[in-house]
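>>> Sequence and predicted structure, then a few things I'm wondering about:
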Amino acid sequence: MRTRNIVVLGCTGSIGASTAKVARDLSDRIRIVGLAAGRNVEGLATQANEFNPLAVCIADPALVTPLKEKLRYPCSVFSGQEGLVKLATLPEADLVLVAIVGTAGVVPTLAAIQAGKTIAIASKEILVMAGSIVMAEARKHGVQILAVDSEHSAIFQCLDDKPRSSVRKLWLTASGGPFRTTPKEQFEKIKVEEALNHPRWSMGKKITIDSATLFNKGLELIEARWLFDIEIDRIDVIIHPQSIIHSMVEFVDGSILAQLSMPDMYLPILYALTYPERVPNARVQTPLTELGPLTFEKPDLERFPALRLARRAGKIGGTMPAVLNAANEVAVEAFLNGKTTFNRIPEIVQTVMEKHQVIQNPTLKQIFQADAWARQEAAKSL
């Protein structure tokens, strides 16, 4: 395998930190040529000084000067969405890993696709909001979209280019989060620190809250629909508290293939960055004899209505998934800031969805307009 030049959009988050581990372990195979971060100047500068990329980007233009002061070598420094696009289209880049939380990743992802870059996608929002547009552009430009989410990486590995007609169902596994057995009447009293205490995974705040409400799994339903070109009725969720089986593919003959490993984002990132090869690595080990029982449960849609709302949004399509995503982002932020309660998060999302006038086959501009509208409506519902 020749050296693969990669750009990391969202380098200081949990995905970015795991990507840095992969790059260190495979320094002879992977070269980081671009790094982008939100407002974490210290984290971006530290990674840049280690990996010496050709260019870096910070979201806030006001932070460019403080960033330059911390860089110990000469490189191009960009900012804002324009900077993200410049990084995503660097001529030297082979692959762009998109790990930006929220909607900011849509435009640079499309720019990277149009520039012919392979995409490793860790930001669910991109395909939830604009899956139809993104996948159509990928087909048009002959660009491969590689899954980084552990669940979608598992499905990708199990499918292994088998025809979609051979698939009966895709099974996304979910740990169930910290409130898997908590009675619904207690949800109103859940504190932020309790919701951030995920039993299996170490992630950023927003995705951790989404895992507690199961909105994360709902967004993954919609993401899987686009990534694997399979209608949402053939995608389901099953609770698997141990988080060892990362997802499964059930084939029409009744066979089920699953991908197993200890819960560590290192592995799906490694697979995406080195695909189609499998590179020897001993960082993540799965001691099968020490795991104990692996169990499965049906999700409780009464306590976790997020799955029902996401499935509805995915089936309606058009601008509705963007509205679901935007309303959820506002509700989660409000919960983190003490402005609403945990149980109100899906209620706010449902209220906004019920008000929305769906546009089918929307343009990117219409998707962003729906996103902005949903944020305003969600804020009113707090």
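Looks like it arrived, so ask away.
>>> from here on, contacts and neighbour counts on C-alpha atoms
Fine.
>>> So what sits opposite residue 8 in the bridge?
Beta-bridge pairing for residue 8 (DSSP bridges): residue 35, residue 97.
>>> shift numbering so it begins at 8
In the new numbering, first residue 8, that becomes residue 15.
>>> Now do the same contact list for it.
23, 39, 41-43, 103-106 (Cα atoms under 8 Å, 6 or more residues apart in numbering).
>>> got TSV for the residues you listed, with pLDDT too?
Output for these, formatted as TSV (pLDDT from 0 to 100):
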residue	pLDDT
23	95
39	98
41	98
42	98
43	98
103	98
104	98
105	97
106	95
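>>> Would you mind listing the two of the residues you listed that lie farthest apart?
Farthest apart among the contacts of residue 15 by Cα to Cα are 39 and 106. That separation is 14.6 Å.
>>> Poorly predicted segments of the stretch 208-357 of the chain, please.
Along the stretch 208-357 of the chain, segments meeting pLDDT under 70 span 208-209.
>>> In the stretch 208-357 of the chain, what residue spans correspond to strands?
242-246, 252-258, 263-267 (DSSP state E, counting those that start in this stretch).
>>> any chance of these in CSV, plus mean neighbour count?
Shown next, in CSV, are the strands of the stretch 208-357 of the chain (neighbours: other Cα atoms under 10 Å):
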stretch, mean neighbour count
strand 242-246, 19
strand 252-258, 23
strand 263-267, 17
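>>> Distance to residue 150 for these - can I get that in a markdown table?
Output for the strands of the stretch 208-357 of the chain, formatted as a markdown table (distance: least, Cα to Cα, whole Å):
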| stretch | distance to residue 150 |
| --- | --- |
| strand 242-246 | 24 |
| strand 252-258 | 24 |
| strand 263-267 | 25 |
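>>> I figured residue 386 was touching residue 337, is that so?
Yes - if you go by Cα atoms under 8 Å, residue 386 and residue 337 touch, sitting 6.8 Å apart.
>>> More neighbours: which of those two?
Counting neighbours by other Cα atoms under 10 Å for residue 386 and for residue 337 shows that residue 337 has the greater number, 21 against 15.
>>> ok, that one - contacts?
Taking Cα under 8 Å, 6+ apart, one finds 382, 385-386 in contact with residue 337.
>>> How about residue 258?
Shown in contact with residue 258 (Cα under 8 Å, 6+ apart): 173-176.
>>> Run through the helices of the stretch 8-157 of the chain in chain order.
Shown for the stretch 8-157 of the chain, the helices assigned by DSSP state H, counting those that start in this stretch span residues 21-32, 48-58, 71-77, 87-95, 113-121, 131-148, 157-166.
>>> Could you tell me how far the longest one lies from the centre of the chain?
Okay, so that is helix 131-148. 14 Å (Cα atoms, centre = their mean, to the nearest Å).
>>> Then the shortest one?
What separates the centre of helix 71-77 from the centre of its chain is 29 Å, taken as Cα atoms, centre = their mean.
>>> and it, which residues are buried?
Neighbour counts over helix 71-77 (16 or more other Cα atoms under 10 Å) mark 71, 74-75 as buried.
>>> Closest one to residue 246 out of the residues you listed, please.
Using Cα to Cα, residue 74 comes nearest to residue 246 of the buried residues of helix 71-77, at 43.2 Å.
>>> doesn't residue 219 make contact with residue 186?
Yes - contact criterion Cα under 8 Å: residue 186 and residue 219 qualify, at 6.5 Å.
>>> quick revisit: among the contacts of residue 337, which ones are in helices?
Those of the contacts of residue 337 mapping onto helices are 382, 385-386, per DSSP state H.
>>> residues in contact with the closest residue to residue 227 other than its chain neighbours?
Using Cα to Cα, 6 or more residues apart in numbering and skipping residues adjacent in sequence, the residue nearest residue 227 is residue 131, 6.8 Å away. By Cα under 8 Å, 6+ apart, residue 131 lies in contact with 226-227, 230.
>>> Adding neighbour count as columns, could you present the residues you listed in TSV?
Output for the contacts of residue 131, formatted as TSV (neighbours: other Cα under 10 Å):
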residue	neighbour count
226	26
227	25
230	26
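>>> any idea which of the residues you listed is the one closest to residue 99?
Each of the contacts of residue 131 was scored against residue 99 by Cα to Cα, and residue 230 proved nearest at 28.6 Å.
>>> from memory that closest one sits against residue 139, does it?
No - using Cα under 8 Å, residue 230 makes no contact with residue 139, being 10.5 Å away.
>>> quick one: low-confidence parts of the stretch 8-157 of the chain?
Short version for the stretch 8-157 of the chain, where the test is pLDDT under 70: 8.
>>> Kindly recompute the last result at 80.
Applying pLDDT under 80 to the stretch 8-157 of the chain picks out residues 8, 109.
>>> Mind splitting the protein into its structural domains?
11-154, 159-270+279-321, 324-389 (automatic domain parsing).
>>> could the contacts of residue 337 go into CSV alongside distance to residue 302 and pLDDT?
Formatted as CSV, the contacts of residue 337 follow (distance: Cα to Cα, whole Å; pLDDT from 0 to 100):
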residue, distance to residue 302, pLDDT
382, 38, 97
385, 37, 98
386, 39, 97
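>>> and those residues as JSON lines, adding distance to residue 308?
Output for the contacts of residue 337, formatted as JSON lines (distance: Cα to Cα, whole Å):
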{"residue": "382", "distance to residue 308": "25"}
{"residue": "385", "distance to residue 308": "22"}
{"residue": "386", "distance to residue 308": "25"}
